[in-house]
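Undergrad: here is my input, please return the structure:
(one chain, ligands or ions: 2)
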Amino acid sequence: MSPRSCSPVSPSSVSRSDLVAALEHARERTEGLLDPLSDEQLTRQVSPLQSPLVWDLAHIGHFEELWLLRRVGGRSAVSPKFDDLYDSFAHPRDERGRLPLLSPEAARAYVREVREAVLGLLPELSFNGGDPLLERGFVVGMVVQHELQHAETMAQTLALAGLHAREPQQEVTASGEVVVPGGPFTLGSTDPWAYDNERPAHVVDVPPFRIDRALVTNGEYAAFVEDGAAAPPGWDPVARPHAPVQHISFDEADAYVRWAGKRLPTEPEWEKAAKTVAGELEHLTGAVWQWTSSFFDGYPGFSAFPYAEYSEAFFGSDYRVLRGGSWFTDPLVARPTFRNWDLPQRQQIFSGLRCARDV
Ligand code: AVJ
Ligand code: FE
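TA: Numbering: from 1, shown residues only. Ligands and ions are numbered 1, 2, ... in the order given. You can find the predicted model right below:
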């Protein structure tokens with residue numbers, strides 16, 4: 001299924017029908033992945049790096065219950081067990097296959113029950129009454145984006161299981177570099193659905209730099225592999241030499257750019273290019289996530305909202321930031337200010353790279 005090209009929610013107002021449509025759109029993407037699967041495929045621990053798919057499904061429902069039914073709606077918990085079972089900080093991914101999880105049938109019934117209650121609650125809520133959680137539908141947007149992000153995590157699991165062998169459909173056609181002139185630009189977002197880690201928007205002075213118009217292709221990466229680098233998992237460079245290379249870790253991306261006599265863009269450089277020379281650059285979104293050289297950290301004046309476990313818990317020098325969005329990422333998530341992050345050795349994500357260089 002291809003992502004819907006949806007009109008963004010207007011910053012000045014939000015209608016209940018927009019919110020319902022966004023919730024339904026996220027659910028369609030989840031169901032599109034999971035409906036064709038057997039119970040065995042849904043409950044299997046495919047990799048220590050990924051949850052069993054049925055965990056992601058019930059976790060999506062639990063997050064929606066927690067934020068919309070309980071926090072906003074004041075309802076009581078559906079089951080006291082779920083707060084532990086489906087808390088991503090309570091059990092690492094490699095242990096989730098051994099937990100007493102809901103069966104696929106029970107998980108489906110749970111997410112359906114939560115969604116029906118949410119649709120009943122929405123007409124009672126005021127989205128411009130001064131509550132920052134509700135303002136312009138923020139908390140609904142958060143629940144929608146959470147489900148869409150877990151859909152991508154589930155797509156990674158399916159790719160690892162060999163059940164959803166997919167890759168970027170795009171072919172790289174651009175070549176050469178763009179010089180981005182030095183000077184200030186605004187890093188971050190004022191979009192009402194932006195995450196806390198995209199805020200506050202602030203002016204940053206970025207010295208001039210060069211950035212490639214195109215992503216690194218399988219064909220280009222093949223020369224690096226011939227020179228001794230490890231081949232990415234599941235790689236077949238002969239099949240699609242002009243497609244962007246994917247399943248590249250930060251460490252490999254960093255090694256590639258050095259080998260090529262270049263470097264990765266920093267996060268501010270990537271965002272400045274996306275905001276000021278987008279027309280010159282190919283595949284800013286919709287192909288593969290693009291590694292930057294930046295660690296994941298808060299912008300100056302960062303304040304966790306509405307919970308520290310989304311972003312702040314990962315700040316520091318463990319995680320590197322990726323920008324853009326993959327062939328799977330929904331347009332609702334793949335905005336130019338959106339920040340993704342992962343550990344530098346991870347390859348299961350749909351990640352590639354774009355080179356940069358000093359002027
Ligand atoms: C932004 C993709 C790194 O999967 O850990 C899902 C998204 N946060 N549930 C993750 C997320 C909470 C997050 N990433
Ligand atoms: Fe989650």
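Undergrad: C-alpha only now, for contacts and for neighbours.
TA: Noted.
Undergrad: buried set for the longest helix along the chain?
TA: Using DSSP state H, we find that the single longest helix of the chain is helix 138-160. Across helix 138-160, burial judged by 16 or more other C-alpha atoms under 10 Å covers 138-160.
Undergrad: among those residues, which are in reach of ligand 1?
TA: 146, 149-150 (C-alpha under 6 Å from any ligand atom).
Undergrad: export these as JSON lines, with columns for pLDDT.
TA: What follows is these, written out as JSON lines (pLDDT from 0 to 100):
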{"residue": "146", "pLDDT": "98"}
{"residue": "149", "pLDDT": "98"}
{"residue": "150", "pLDDT": "98"}
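Undergrad: mind putting these into JSON lines with distance to residue 318?
TA: What follows is those, written out as JSON lines (distance: C-alpha to C-alpha, whole Å):
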{"residue": "146", "distance to residue 318": "22"}
{"residue": "149", "distance to residue 318": "21"}
{"residue": "150", "distance to residue 318": "21"}
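Undergrad: and the residue lying closest to residue 278 once chain neighbours are set aside, how many neighbours?
TA: With sequence-adjacent residues excluded and distances taken as C-alpha to C-alpha, 6 or more residues apart in numbering, residue 278 is closest to residue 284, at 7.5 Å. Counted with other C-alpha atoms under 10 Å, the neighbours of residue 284 add up to 27.
Undergrad: do the same with residue 347
TA: By other C-alpha under 10 Å, neighbour count at residue 347 equals 20.
Undergrad: swap in residue 348?
TA: Residues near residue 348, counting by other C-alpha under 10 Å: 20.
Undergrad: pretty sure it sits against residue 158.
TA: No. With contact defined as C-alpha atoms under 8 Å, residue 348 does not reach residue 158; the gap is 10.5 Å.
Undergrad: surely the residue nearest to residue 278 is in contact with residue 274?
TA: Yes. Using C-alpha under 8 Å, residue 284 is in contact with residue 274, at 7.0 Å.
Undergrad: about what we covered before: for the residue nearest to residue 278, what are its contacts?
TA: Applying C-alpha atoms under 8 Å, 6 or more residues apart in numbering to residue 284 gives the contacts 274, 278, 324-325.
Undergrad: name the element it belongs to?
TA: Using DSSP states H and E, residue 284 is not contained in any helix or strand.
Undergrad: gap between it and ligand 1?
TA: 18 Å (C-alpha to the nearest ligand atom, to the nearest Å).
Undergrad: do the same with residue 189
TA: For residue 189, the distance to ligand 1 - C-alpha to the nearest ligand atom - is 16 Å.
Undergrad: go on, residue 86?
TA: 11 Å.
Undergrad: so that residue makes contact with residue 58?
TA: Yes. Under the criterion of C-alpha under 8 Å, residue 86 lies in contact with residue 58, with a separation of 7.1 Å.
Undergrad: list residues touching both of those two?
TA: Contacts common to residue 86 and residue 58, judged by C-alpha under 8 Å, 6+ apart, are absent.
Undergrad: so which elements touch the lengthiest strand in the chain?
TA: Ranked by residue count and defined by DSSP state E, the top strand of the chain is strand 289-295. With contacts taken as 3 or more C-alpha pairs under 8 Å, 6 or more residues apart in numbering; DSSP states H and E, strand 289-295 sits against helix 250-259, helix 267-276, strand 320-323, strand 351-352.
Undergrad: now these as CSV including mean neighbour count?
TA: Converted to CSV, the helices and strands packed on strand 289-295 look like this (neighbours: other C-alpha atoms under 10 Å):
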stretch, mean neighbour count
helix 250-259, 19
helix 267-276, 21
strand 320-323, 25
strand 351-352, 26
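Undergrad: using CSV, lay out these together with mean pLDDT and distance to ligand 1.
TA: Formatted as CSV, the helices and strands packed on strand 289-295 follow (pLDDT from 0 to 100; distance: least, C-alpha to the nearest ligand atom, whole Å):
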stretch, mean pLDDT, distance to ligand 1
helix 250-259, 98, 14
helix 267-276, 98, 15
strand 320-323, 98, 9
strand 351-352, 98, 12
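Undergrad: out of those, nearest to residue 171?
TA: Residue 171 sits nearest to strand 351-352 of all the helices and strands packed on strand 289-295, at 13.4 Å, using C-alpha to C-alpha.
Undergrad: gap between residue 96 and residue 159?
TA: Per C-alpha to C-alpha, to the nearest Å, residue 96 is found 19 Å from residue 159.
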